[in-house]
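Undergrad: any chance you could fold what I've pasted below:
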Amino acid sequence: MGCDKGNCAPYCAVVPEYPCVAGKGYHGRGPIQLSYNYNYGLFSKQYLGDKMILLNDPDRVKKDGELAFVSALWFWMTPQSPKPSCHDALVGNWVPTEKDLKCGRKPGFGVTINIVNGGCQIIVTKDKVVSKGISSKLTVAVERHGHENISVVFKTDSNLTTEMELKYGYNREFSAEITAAKLGTSSYKICVSGCVECEHVELFAIPAPLTLLPPVLTVILAIVTKQVLLSLSCGVFSAAFLANAYNPVDAFMETFDSYIVLPFLDPGKAGVVVFCAMIGGLIEIIQESGGANGLVKMIAKLTHTTNHAAIVTTLMSFCYFFDDFAGIMISSKSLGPLVAKLGLSVQKFSFIVHMMAVSVASLCPLSSWAGIQIGYIESAFSLVNVEVSGFSYLIQSIPYRFFVVTGVLSTVIYIVLNKDIVPMVTYQESYLEQMSLESPELETGKEEEKEGSESSEQEKVPERWFNAILPLVVLVLISLLRMYFDGKEVILESGEDIPLTFLNCASKCNSINCLIVGTSVSLILTLVLIPAQKIMGVSKCVEHFVEGVKGMSEPIMILILAWALGFAMNEIHTSEYIAGALGKNMPVEYFPSLVCLIGYLMSYASGSAMGTQGIIFPLVIPVVVHLTSDTEVYVKTIAAAFGSTVFGNLCSPIADTTIASALFTDCPLVDHLKVMTTFCVPIAVLSLLFGDLFVGMNLYPFYVSYIITMVIVVMVFVMFGRYPWRRSMFQVFLDRARGVKRVSSGSSSDSSPSEQTSLLRGTAV
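TA: Numbers count the residues shown, from 1 in each chain. I've put the predicted structure just below:
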């Protein structure tokens, strides 16, 4: 054979404890091919009692059959740190390290090949495709035991590309930044000193601008088709098409059997799906059990005037923090007849219901939005190998969601001041006039409706407020307690000197698991509470739970496809290309405001906040991570993405919440869109300018933004807002400047409908 004739490498490593003998070769001999001087010396020392016996005469392993067989058993059963024995690896006694798992080494037969061939094993990890002109990381793991330093040489087209010396040790890794100089396939040869053979690697390069195809295609399709699921699916396929070197068959297969399946292999992402399904089922049971309506009616008893009706509608939105659609539906059905009787126009009612329900649910960290948002955060950061607490970032981002918070504060100011602006004041005047002219008929209709409903009163589900309050209180308390104790345990085990505050504990806990525990306990309580009152049986509760899970299917599918799009875009380096382009032309301080502007436009076009977040999160988070390591910028970027995309749910004519708000409150859709646009567009501009832009530039703290915008909002309502049939302060000043005198009827700003309509007729009440 070649080695017998001296035609192979000596397999001699510089190990002082087991020195090589001149003229001797330590190539593979015996059933398992005992190789290298350190293996011959160690086996000789342990079995023959003298390390030099086999170092001086390595051929003895080949000549002595018994010794050869024993050498195989010895190698199979003996661990050599950091390598386990083949026996332990095969039977499961070996526990792999995090680095082993990262390299794909798990207990079983496969890893024994690495152990046996560990004398010189080259494992190359590379990207499926690279982008021309963009650096791509290529990692070489060298499994070679020995005391000497080794070098790794990358060659392409016979030209030396790079060389690096690695220190002594086992499982050494070398990473190189490879920049493709041409499109198509390039061949690389990777050689390691001391290894007989080199490793050959091929890289396929695509044009860097082409990496923008998946997000651009997704956005265009979302705008044109209004179908977020279809758009995301096409985006994933286009990314897979590029990642598989323009092979459509492989791209189609990988879209469905790889990218869409990958999220379920991650326990964290699977937990997000479970939580979203459970919260959907719980909300459905609460609604169908009558608890939600009971809570509304309990609060409605305190309502006596038009402004009281507006205040109660606003407050009810905070009670239904858990879901925007549920808040819209319950408030509309329960409060609609009452507020109409008290003189609140359907336009104003639909505005308050829509604005507050969506905004509150999007801000609450325990709503149906929260699980999706946590999933977006953690998944986006995992694309760049950054492990974060999604719940912690979710909490930190709330103060920086300028559009949503400013919208809520502005709505509260609007209700408290009780002054309407155009077009709302016109709708209020028109509705009050209609009430004045048709009140007898309306009252008769109400009485007839009441009489007709008395016969079926017994058939209705009992509406008890505590059936809504108790499950939600338990959900919040159990989730928060679990977060604290789970995080506390992690901090104590780590030994870190961190104060055991709730925020610190919440940042260390597994937030999704804690939310699942809280939801599970709340669900169990509901399944006991509702049947115990004989409102509905357990089987009926389960049916409603299933219906609620079905209702969450679309958001869950959007989330899964967003994860898949993120994985696919990560493989073609979309974020690296954008980061490279932005890094040369835009300071990172402007990035949150750019994300905010994109969120406004995309969400309005698509009509879906969650769908837009699913598209832009896998894109903007890897970009901002490449631009900076400042976690404060990360928080502002996350907040800009979450806050700005709510704009579409509030103003887009194709948003489901827009249509539902108009439908459930019997408000004409055109009127509702006029009101929402008139209110939200100025808020969006103020939030972008004084919030995302100026706070992003670190001109002042976030709360200063709210002070500035609230001062502006108050000034606008004070100057331009007015009560029905009365002049605004601006009109008064304008008339005085022109010398125009008008007779103003004195009236209370919070008068009853009959008092207000009497002003129209010119009569006193």
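Undergrad: what is the burial count for residue 31?
TA: Using other Cβ atoms under 10 Å, residue 31 has 12 neighbouring residues. Yep, even glycine has a C-beta here, placed from its N, CA and C like the rest.
Undergrad: hang on, I meant residue 57
TA: Neighbour tally, residue 57, other Cβ under 10 Å: 15.
Undergrad: got a pLDDT number for it?
TA: Residue 57 is assigned 89 on the pLDDT scale.
Undergrad: and if you look at the one 4 residues further on?
TA: On the pLDDT scale, residue 61 is placed at 88.
Undergrad: with the one 3 residues further on instead?
TA: Reading off the per-residue confidence, residue 64 sits at a pLDDT of 87.
Undergrad: use 270 as the first number from now on
TA: Taking 270 as the first residue, the last one we looked at is residue 333.
Undergrad: and it, how far from residue 928?
TA: Taking Cβ to Cβ, to the nearest Å as the measure, residue 333 falls 86 Å from residue 928.
Undergrad: next one: phi and psi at residue 296?
TA: phi -80, psi 180 (degrees, to the nearest 10).
Undergrad: was I right about residue 315 contacting residue 343?
TA: Yes: counting by Cβ atoms under 8 Å, residue 315 touches residue 343, with 7.1 Å between them.
Undergrad: neighbour count winner among the two?
TA: residue 343 (19 against 11).
Undergrad: give the buried residues for the helix or strand that the more buried one is a member of.
TA: According to DSSP states H and E, residue 343 maps onto helix 334-346. Residues of helix 334-346 classed as buried: 336-337, 339-341, 343-345 (neighbour count, 16 or more other Cβ atoms under 10 Å).
Undergrad: what would these look like in a markdown table with distance to residue 749?
TA: Converted to a markdown table, the buried residues of helix 334-346 look like this (distance: Cβ to Cβ, whole Å):
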| residue | distance to residue 749 |
| --- | --- |
| 336 | 67 |
| 337 | 66 |
| 339 | 63 |
| 340 | 61 |
| 341 | 59 |
| 343 | 57 |
| 344 | 55 |
| 345 | 53 |
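Undergrad: adding pLDDT, write those residues out as JSON lines.
TA: Below are these laid out as JSON lines (pLDDT from 0 to 100):
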{"residue": "336", "pLDDT": "89"}
{"residue": "337", "pLDDT": "88"}
{"residue": "339", "pLDDT": "89"}
{"residue": "340", "pLDDT": "88"}
{"residue": "341", "pLDDT": "88"}
{"residue": "343", "pLDDT": "89"}
{"residue": "344", "pLDDT": "86"}
{"residue": "345", "pLDDT": "87"}
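Undergrad: which residues touch residue 579?
TA: In this structure, residue 579 makes contact with 608, 613, 617, 621, 684, 687, judged by Cβ atoms under 8 Å, 6 or more residues apart in numbering.
Undergrad: at 10 Å what do you get?
TA: Counting by Cβ atoms under 10 Å, 6 or more residues apart in numbering, residue 579 touches 572, 608, 611-613, 617-618, 620-621, 680, 683-685, 687, 1019.
Undergrad: which of those has the most neighbours?
TA: Among the contacts of residue 579, residue 620 has the most neighbours (other Cβ under 10 Å), with 29 neighbours.
Undergrad: contact partners for the closest residue to it other than its chain neighbours?
TA: Once flanking residues are discounted, residue 620 sits nearest to residue 944: 4.8 Å by Cβ to Cβ, 6 or more residues apart in numbering. Contacts for residue 944 (Cβ under 10 Å, 6+ apart) come out as 614, 616-617, 619-620, 623-624, 690, 692-693, 696, 936.
Undergrad: follow-up on the earlier one: now do the helix holding residue 343: which elements does it pack against?
TA: If you count contacts as 3 or more Cβ pairs under 10 Å, 6 or more residues apart in numbering; DSSP states H and E, helix 334-346 packs onto helix 306-312, helix 329-332, helix 355-360, helix 378-385.
Undergrad: could you point out the helix or strand that follows the first one?
TA: Just to be clear, that refers to helix 306-312. Defined by DSSP H and E, the subsequent element after helix 306-312 is helix 320-325.
Undergrad: show me the contact partners of that following helix.
TA: Contacts of helix 320-325 (Cβ under 10 Å, 6+ apart): 286-290, 293, 295, 298, 303, 306-314, 316-317, 319, 329-330, 336, 340.
Undergrad: kindly recompute the last result at 6 Å.
TA: 290, 309-310, 313-314 (Cβ atoms under 6 Å, 6 or more residues apart in numbering).
Undergrad: cool, stretch 949-962 as well?
TA: In contact with stretch 949-962 (Cβ under 6 Å, 6+ apart) are residues 671-672, 675-676, 679, 861-862, 865, 869, 909, 916, 919-920, 974, 977-978.
Undergrad: so residue 505 touches residue 835, yeah?
TA: No: in this structure, residue 505 is not within contact of residue 835 by Cβ atoms under 6 Å, at 9.4 Å.
Undergrad: quick one: the helices in the stretch 720-869 of the chain, in order.
TA: Secondary structure of the stretch 720-869 of the chain by DSSP state H, counting those that start in this stretch: the helices cover 735-763, 771-777, 780-801, 807-820, 822-840, 843-854, 860-875.
Undergrad: counting neighbours, what do you get for residue 631?
TA: For residue 631, using other Cβ under 10 Å, the count is 27.
Undergrad: that one: which element?
TA: helix 615-632.
Undergrad: quick one: mean pLDDT over whichever helix or strand comes after that helix.
TA: Sequence-wise, the next helix or strand downstream of helix 615-632 (DSSP H and E) is helix 637-651. When pLDDT is averaged over helix 637-651, the result is 81.
Undergrad: alpha carbons of helix 637-651, in PDB - could you do that?
TA: Provided in PDB are the C-alpha atoms of helix 637-651 (Å, rounded to 0.1, in the frame of the first residue of the first chain):
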ATOM      1  CA  SER A 637     -54.200  39.300  21.500                       C
ATOM      2  CA  TRP A 638     -51.600  41.500  19.800                       C
ATOM      3  CA  ALA A 639     -48.900  40.900  22.400                       C
ATOM      4  CA  GLY A 640     -48.100  37.300  21.400                       C
ATOM      5  CA  ILE A 641     -47.800  38.200  17.700                       C
ATOM      6  CA  GLN A 642     -45.600  41.200  18.600                       C
ATOM      7  CA  ILE A 643     -43.300  39.300  20.900                       C
ATOM      8  CA  GLY A 644     -42.900  36.700  18.100                       C
ATOM      9  CA  TYR A 645     -42.000  39.400  15.600                       C
ATOM     10  CA  ILE A 646     -39.300  40.800  17.900                       C
ATOM     11  CA  GLU A 647     -37.600  37.600  18.900                       C
ATOM     12  CA  SER A 648     -37.800  36.200  15.400                       C
ATOM     13  CA  ALA A 649     -36.300  39.300  13.800                       C
ATOM     14  CA  PHE A 650     -33.400  39.400  16.200                       C
ATOM     15  CA  SER A 651     -32.700  35.700  15.800                       C
END
